[in-house]
Each structure stands twice: as C-alpha cells, then as structure tokens.
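Participant: below is the sequence, then the predicted model.
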Amino acid sequence: MIADWIFSLLDIASLTCCSAYLVISLPGREELAGNNKLFRAVKIVVWIIYALLTVMIPMIWHDDSITMIGLTLYYILIGYMLYHRDKVGVLYQVGFMFFMYTTQMIAIFTAMKVREVYSLENKTYAYIMILLKACLLVIITFVFKVIIEKRYMSVQPRFKIRGMLLVPVISVILIFWFAISSDVFLLRFGHEWLIVYCALVLVINLYCFYFWYDVSKTQELKHKLELMRQQNELIHQFYADLESNYAKSRKVIHDIRNHLQMLEQSQKLAESQSYVADMHQMLNALGMTYYTDNRMLNIILNDKIKELNQEQFQCSLMGVHLDFLSEMDTTTIFANLLDNALEERTANENFRLELQGKQIQDFCVIKMSNTTKRTYTPGKSAKTGHEGIGLENVRNAVEKYHGEMQTDQKGYVFSVTLLFPDNN
C-alpha cells in the first residue's frame, strides 16, 4: 500500500513539477512577476488544482482525449494569465503537452513490452511504467528548457504562429489514429513499432521547433531590411528635394545680387551701403558651401552642419574621390554618421566635429570624429529610444564596396573611420 502511494505521488509530482518548470522557464513580463504574497499564493493554488485534475479527469470520464484537451486548456490558461502573455509561449506550452502525452505512450508501451518479455506482475509493470514516464518527462523538459534558452523567438507583428501550432496538434491526432486503427498490425509485429512511431513523431516535432526559430528569425531580418530600405529611400528623396531647392535658390540669389549691385551704383549713401552689405551677408547664408566635389555629400553637409560655426566644424575632403559611391549609399553613410555625431551637440557645450579624407595609394580613408560625454559600447546605441540601427546601416553600405568601418573612442573623442579600396 505504501509503495502504491509513493509511486502514485511520484507520477503526479513529476507531471506537475515538469509542467510548472517549463512555464516558469518561458520569458515572462515584469508586471506578471508576482512579488507579493497573494500572487504567489494564487500560483500555488492553481498548480495544486492542476495536480488534482490530472487524477480526477481520467477517473470521471475514462477518456484519454477528454483528459488531454482539459489539461491542455487549463495548462495554457495558467501560463498565459499568470506568466508570459505571449503567443509564442502558448506555442511552447502546446508543444510541451504533446511531448508529455507522447512520452507517456512510449513509457506505457515500453512497460508492456518489458512485462511481456519477463512475465512481470501487474504491480511491477505499473511501477516500471511510472518510473519510465517520470524519466522521459524529465528528459523532454530539459530538452525544451535548452530550446527556450538558445532558440526562443519573440513574436513578430508580421509573423503568424498558427501554422506551427498545428504541428503538435496534428501529431497527437495521428498517434491516436495509429494506436486505435493498428490493432492487427500491432498484434502481428508487436507494440515496439508503436514506440518507434511515437519516437519518430517526437523527433519530427523537435526538429520543427528547432527549425521554426530560423524561419521566424529570417522573417524578422526581412522586415528589418525592408524598414532600412524605406528609411534610405526617404532620406535620399529628402536630399534630392533639398538639392532642387538649392538650385532654385541660386537662381534667385543671382538675380537679387544683380539688383543690389545696381542699387550700390545708383545710391552711394552710407546708409545704403551698410544695408546692401547686410543683404549680401544674408544671401551668402542662403547659398551652398562647397566642402567636397561629391554633389550628394556636399548637399548633406550643407544641411546637417548649417547650425555649426567655423570653430565647431572642420572639413578637409577636397581631392578625395567618392564618386564610386551611389547617391543612396552616400546618403546612408554620411547622413547617419552626421546624425549620430550631432546628437552629442545638445549635451556638450564644447562640441567639435571634424571630417577628414585622404587618398593613400589605392585606398580612400574617411575619418569623422566628434567630442562626446558618453561611453560608446559596440553593438549598442547610446541614444535613448534608438536601436542602434544607424551604424548598422552604415556598415552594410560600406561593405557593399568591400570597405571596412572601424569605431574608436579615446577619452572624450569618438571617431568612425571608413576605409575603401580603389573601386575604379
């Protein structure tokens, strides 16, 4: 009697503890952490109910399908309401329940085969079955824990998981159909073939869960690349419109200068000369400064550094040939670098920005450096609310031309160096 109780408790405890451990392993939300005593008490109660249901549902209905559906729905409800609130978490819970049922079937038929071979008593058969169920469940829980740690994928807005949910559900249905409709086959060839069948279905589902991570990660990268492409196109269109406005402004400025020169010739009064000088200064501010021979880069520089004075910005790009860069890539590289650098200006009164370029034999070297009060960490953005996608865009654009991008920080000076081979 004592042995019966011990093994029964082992069966219930292994099922409940492994189920709870799997849910706790899923990435959860901070608001569901449940640090207060009442919330922890609620969790303990719902798991006690789960343990009771594993015993009561089979005793009341004597139907494995009802037991599976009832426990699965309650298990998903526990995880979603008290732990993760994540669709991917639901997927892993459904998958875990399928693996649990399948391993139990493997344990049952393995114990039957052992009893058949060694002519064991019913109690011995039951004890072996419970031990096998517990051992297989612990193994499969450990495997799921590893998958969650290494290849857990957060749900993406454009990625659907309904198709993946069908894999474990259909697998359970196939196993039941095979077990019900293959009596003649099993009597002739033995129950070990059902064990092999269940094991193969387990392997297929494990591979699907492992492979699904790669599919979802690829979908995420495609979405990210599409956002980057749209961003680059918008930036390029902005600078194309800006160039058009500059061209129109130059025509107007040219005509106004002619009128001012006529006024200077016709009016020699001191007040008039002072007024005309002020007008010339305003017109100079409207015109473009030529920093480089590259048309698009010149437009970008005029737009980005228009609020910097001569002491804050130094540029030496004349004689550096950047015509091998497309206008889109020129915009991507220099607009992002300048945006990152100018972000420091608001928090740094002594802000300095320097842009240098050199032709060294068969290489073109561009170096941009700026003062900063922050510490740069590779792979992370120092800007609040940003994902660090700017430097990633720059690196991708540079690598298209077989170039390299290097970042460095010495004291309060952060620098980005671009190295391009001869692309002629």
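Facilitator: Great, that's in hand.

Participant: H402: what secondary structure?
Facilitator: coil (DSSP: H, G, I helix; E, B strand; the rest coil).

Participant: if I pick the closest residue to M100 other than its chain neighbours, what's in contact with it?
Facilitator: Spatial nearest neighbour of M100, excluding adjacent residues (Cβ to Cβ, 6 or more residues apart in numbering): L137 at 6.1 Å. Using the backbone N, CA and C atoms, a C-beta is placed for each residue, glycine as well. Residues in contact with L137 (Cβ atoms under 8 Å, 6 or more residues apart in numbering) are 14-15, 18, 100, 103-104.

Participant: again, only using 7 Å
Facilitator: 14-15, 18, 100, 103 (Cβ atoms under 7 Å, 6 or more residues apart in numbering).

Participant: which residues of the stretch 251-400 of the chain score low on pLDDT?
Facilitator: Within the stretch 251-400 of the chain, the stretches with pLDDT under 70 are 251-288, 377-389.

Participant: cool, the stretch 1-150 of the chain as well?
Facilitator: Using pLDDT under 70, the stretch 1-150 of the chain drops low at 29-35.

Participant: would you map the helices across it?
Facilitator: Shown for the stretch 1-150 of the chain, the helices assigned by DSSP state H, counting those that start in this stretch span residues 2-25, 37-61, 64-82, 87-118, 122-151.

Participant: nearest to L174, of those helices?
Facilitator: Closest to L174 of the helices of the stretch 1-150 of the chain, according to Cβ to Cβ: helix 87-118, at 10.5 Å.

Participant: who are the packing partners of that closest one?
Facilitator: Here helix 87-118 touches helix 64-82, helix 122-151, helix 162-181, helix 192-266, going by 3 or more Cβ pairs under 7 Å, 6 or more residues apart in numbering; DSSP states H and E.

Participant: and the next element down the chain from the third one?
Facilitator: Elements were assigned by DSSP states H and E; along the chain past helix 162-181, the next helix or strand is helix 183-189.

Participant: quick one: contacts of that following helix?
Facilitator: Applying Cβ under 7 Å, 6+ apart, the contact partners of helix 183-189 are 193-194.

Participant: same check, this time on stretch 98-113
Facilitator: 68, 125, 128-129, 132-133, 136-137, 140, 168, 171-172, 175, 191-192, 194-195, 198-199, 201-202, 205.

Participant: pull out the buried positions in it.
Facilitator: 98-112 (16 or more other Cβ atoms under 10 Å).

Participant: follow-up on the earlier one: can I get the helices and strands packed on helix 87-118 in a markdown table with distance to E343?
Facilitator: Shown next, in a markdown table, are these (distance: least, Cβ to Cβ, whole Å):
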| stretch | distance to E343 |
| --- | --- |
| helix 64-82 | 40 |
| helix 122-151 | 35 |
| helix 162-181 | 41 |
| helix 192-266 | 16 |
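
Participant: which stretch among those helices comes nearest L301?
Facilitator: Shortest separation from L301 across the helices and strands packed on helix 87-118 is recorded for helix 192-266, at 10.6 Å, computed as Cβ to Cβ.

Participant: how far away is A126 from Y83?
Facilitator: 33 Å (Cβ to Cβ, to the nearest Å).

Participant: out of these two, which sits in the busier spot?
Facilitator: Y83 (22 against 18; other Cβ atoms under 10 Å).

Participant: the more buried one touches P27, doesn't it?
Facilitator: No: using Cβ atoms under 7 Å, Y83 makes no contact with P27, being 9.4 Å away.

Participant: give me the pLDDT value at S181.
Facilitator: On the pLDDT scale, S181 is placed at 73.

Participant: circling back to that earlier point, return the most buried member of the helices of the stretch 1-150 of the chain.
Facilitator: helix 87-118 (a mean of 20; mean count of other Cβ atoms under 10 Å).

Participant: just want the angle from that one to helix 162-181.
Facilitator: If you take axes from the mean of the first three to the mean of the last three Cα atoms, to 10 degrees, helix 87-118 sits at 20 degrees to helix 162-181.

Participant: as CSV, the helices of the stretch 1-150 of the chain with distance to M405 would be great.
Facilitator: Output for the helices of the stretch 1-150 of the chain, formatted as CSV (distance: least, Cβ to Cβ, whole Å):
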stretch, distance to M405
helix 2-25, 38
helix 37-61, 48
helix 64-82, 44
helix 87-118, 34
helix 122-151, 30
